[in-house]
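Participant: Output the structure for:
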Amino acid sequence: MVLNTFIRRREILQRHEDVGFEVIGPRSSAATRDLLDYARRGRLPHIWRDTERADDPEAAALVSGLEPAELPLVRLPGATELRNPSHGQLWRALGMGLELGPREEVDLAVVGSGPAGLGAAVYAASEGLNTLVVESTVLGGQADASRRIENYLGFPGGISGTELTSRAITQARKFGARIAMPYRALSLEPGDGIHRVELDEGREIVARAVLLATGADYRRLAVPDLEQYEGLSLFYAAGPPEARACSGTRVAVVGGGNSAGQAAVWLARGGALVTLLHRRADLRETMSNYLIADLDRYGVTVRDRSEIAELGGENGELNGVTLTDGASVNVGSLFCFLGADPHTEWLGDIVARDGHGFILTGDAAGATGLLETSVSGIYAAGDVRAGSTKRCATAVGEGAAVVGYVHERLATVEA
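Facilitator: Okay, the predicted model is just below:
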């Protein structure tokens, strides 16, 4: 009861404005925009005070003695102040981030905290394995950005990605799995019986088995001046704050997959006038039928064969986009769901990958186990794995299945 109450409390706080820590900095500051984007993706309740707004002179006064490199100023409850903090410094100052020692020795190291990584963490920790999960950005992976997952087993009314992943994180911790972030994996060094994962900040993990569940990175629009709009009027997730801010305004969602469809429906239900832009001739090629029906139900305008060539606006505020065919679409906000590329560049040639960078497993990698890579004791699951179905439930199942292979391996490897 206590656990469920705190989970519900956090979900309510994430929907409220004017709660959380303060981020004080100008919209012209790249560091300020980066921190705001990270806070949004991490579902961290926060307040942004733009020092370039004339109607908030107090904000400008708070940072008047600081150098540009010291911005943004972050004020936490209890009067703690941080100047241009890193993502890790922010998480740890909030008491939410686990700080690793210089060298961690574990049974299973999980790199990535999406559904596959969390599925493995829950089952491995519940079965007594010393399990450590490391994440480079925000917990939950792409699933966390899904406003509604309608086809997840056991939830006939659907469940938000945030709710599903936050409960999975809590469940993994309940069983004793440790989750550390943001730590970026830099390299992987296979060994005889143990493997080493080098992280940034001078940290190292020594593990008897490693699961690669790094998922994929969002693709960005190939248009000029993209950076000046990111985090201000161009976003890669559509959550409650964005839905509130966009109510009654014109917005565009770019993409033809289920994530784009979910975002468009969510924004339309919040009162936005939504146009979905996708490059294919028929949306049914890439989107589930139930979502296509929802688009029609909530009045989303769908434009086929549409790609963005140029963004229009100034000072980070979008006022429209120009398509490759010359047509203009008047929108004040843009939400991009263009698919993703596997986050595997840090692996080099350590494990076999396909031509797109996805990790090969099983027969394709010359391995005996279905989820084992070309290196014994190193596994891959979820979106990063070549041939995966790119579904949340499948990723969870793959992560759980890996634990069985890990047990078989540990039976032959000394502690």
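Participant: what pairs with I359 across the strands?
Facilitator: Here I359 sits in beta bridges with R353, R385, going by DSSP bridges.
Participant: Check what pLDDT it gets.
Facilitator: I359 is assigned a predicted lDDT (pLDDT) of 97.
Participant: so who does it touch?
Facilitator: Going by CB atoms under 8 Å, 6 or more residues apart in numbering, I359 touches 212, 342, 344, 347, 351-353, 365, 373, 380, 384-386. C-beta here means a position set from N, CA and C on the backbone, and glycine is covered the same way.
Participant: Any idea how many residues pack against the nearest residue to R269 once chain neighbours are set aside?
Facilitator: Counting by CB to CB, 6 or more residues apart in numbering, R269 lies nearest to Y298, which is 5.8 Å off, once chain neighbours are set aside. Residues near Y298, counting by other CB atoms under 10 Å, number 16.
Participant: go on, the one 10 residues further on?
Facilitator: Per other CB under 10 Å, the neighbour tally for I308 reads 19.
Participant: and R409, which of the three is it?
Facilitator: helix (DSSP: H, G, I helix; E, B strand; the rest coil).
Participant: And the contacts of stretch 393-400?
Facilitator: 114-123, 143, 151-153, 211, 213, 371, 381-383, 385, 388.
Participant: Let's test this: what are the backbone torsions at the residue nearest to R269?
Facilitator: phi -100, psi 10 (degrees, to the nearest 10).
Participant: That one and W266 touch, don't they?
Facilitator: No. Look at Y298 against W266 with CB atoms under 8 Å: they stay out of range, at 9.2 Å.
Participant: ok, E52 - how many residues close by?
Facilitator: For E52, using other CB under 10 Å, the count is 14.
Participant: Make sure it is actually in contact with I24.
Facilitator: No. Counting by CB under 8 Å, E52 stays clear of I24, with 11.2 Å between them.
Participant: List the buried residues for stretch 60-74?
Facilitator: 60, 62-63, 66, 71-74 (16 or more other CB atoms under 10 Å).
Participant: for this structure, what spans make up the helices?
Facilitator: 2-15, 30-41, 57-62, 87-93, 115-126, 161-174, 240-246, 258-269, 289-297, 392-410 (DSSP state H).
Participant: wait, what's in contact with F6?
Facilitator: F6 neighbours (CB under 8 Å, 6+ apart): none.
Participant: Look up the pLDDT of it for me, please.
Facilitator: Reading off the model, F6 has pLDDT 82.
Participant: how near is it to T170?
Facilitator: Separation of F6 from T170 (CB to CB, to the nearest Å) stands at 9 Å.
Participant: Same check on E285?
Facilitator: Counting by CB to CB, the gap from E285 to T170 is 37 Å.
Participant: Of these two, which one has the most company?
Facilitator: T170 (14 against 9).
Participant: domains of the chain?
Facilitator: 2-93, 103-218+341-410, 234-338 (automatic domain parsing).
Participant: Select, out of the ones you listed, the one closest to P224.
Facilitator: domain 234-338 (7.1 Å; CB to CB).
Participant: Mind listing residues that contact the helix or strand bottoming out on mean pLDDT in the chain?
Facilitator: Across the helices and strands of the chain, mean confidence by mean pLDDT, DSSP states H and E is lowest for strand 216-218: a mean of 74. Strand 216-218 is contacted from outside by 142, 236, 336-343, 383-384, using CB under 8 Å, 6+ apart.
Participant: What is the most widely separated pair among those residues?
Facilitator: Spatial extent of those (CB to CB) is set by the pair C336 and V384 at 20.7 Å.
Participant: ok, those two, which is more surrounded?
Facilitator: Using other CB under 10 Å, the more surrounded residue of C336 and V384 is V384, with 29 against 23.
Participant: check contacts around the more buried one.
Facilitator: The contact partners of V384, taken as CB under 8 Å, 6+ apart, are 112, 116, 212-216, 342-344, 358-359.
Participant: Out of the contacts of strand 216-218, flag the one nearest to A93.
Facilitator: Y236 (24.6 Å).
Participant: Now do the contacts for that closest one.
Facilitator: Listed by CB under 8 Å, 6+ apart, the contact set of Y236 reads 41, 145, 218, 335-337.
Participant: And it, how far from R41?
Facilitator: In terms of CB to CB, Y236 sits 7 Å off from R41.
Participant: if we look at stretch 51-61, which residues are touching it?
Facilitator: Counting by CB under 8 Å, 6+ apart, residues outside stretch 51-61 touching it are 24-28, 49-50, 62-63.
Participant: how about CSV for the residues you listed, with pLDDT and distance to V253 added?
Facilitator: Formatted as CSV, the contacts of stretch 51-61 follow (pLDDT from 0 to 100; distance: CB to CB, whole Å):
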residue, pLDDT, distance to V253
I24, 96, 31
G25, 95, 28
P26, 93, 28
R27, 90, 23
S28, 90, 27
R49, 93, 29
D50, 94, 25
L62, 92, 36
V63, 92, 35
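Participant: among the residues you listed, which ones are buried?
Facilitator: Of the contacts of stretch 51-61, these count as buried by 16+ other CB under 10 Å: 24-27, 49-50, 62-63.
Participant: Emit the PyMOL select command for whichever of the contacts of stretch 393-400 are buried.
Facilitator: The PyMOL command for the buried members of these (criterion: 16+ other CB under 10 Å) is given here:
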select buried, resi 114+115+116+117+118+119+120+121+122+123+143+152+211+213+371+381+382+383+385+388
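Participant: still on that earlier bit, most neighbours, which of the contacts of I359?
Facilitator: A380 (34 neighbours).
Participant: Bridge partners for that residue, pull those for me.
Facilitator: L212.
Participant: how about it, what does it touch?
Facilitator: With CB under 8 Å, 6+ apart, A380 has these contacts: 211-213, 351, 359, 361, 371, 373.
Participant: Next one: the nearest residue in space to R92 that is not next to it in sequence from W266, what distance?
Facilitator: Excluding its sequence neighbours, the residue lying closest to R92 (CB to CB, 6+ apart) is E99, at 5.9 Å. Distance of E99 to W266, given as CB to CB: 35 Å.
Participant: Which one's more surrounded, the two?
Facilitator: Using other CB under 10 Å as the criterion, E99 and W266 rank with W266 on top: 24 against 11.
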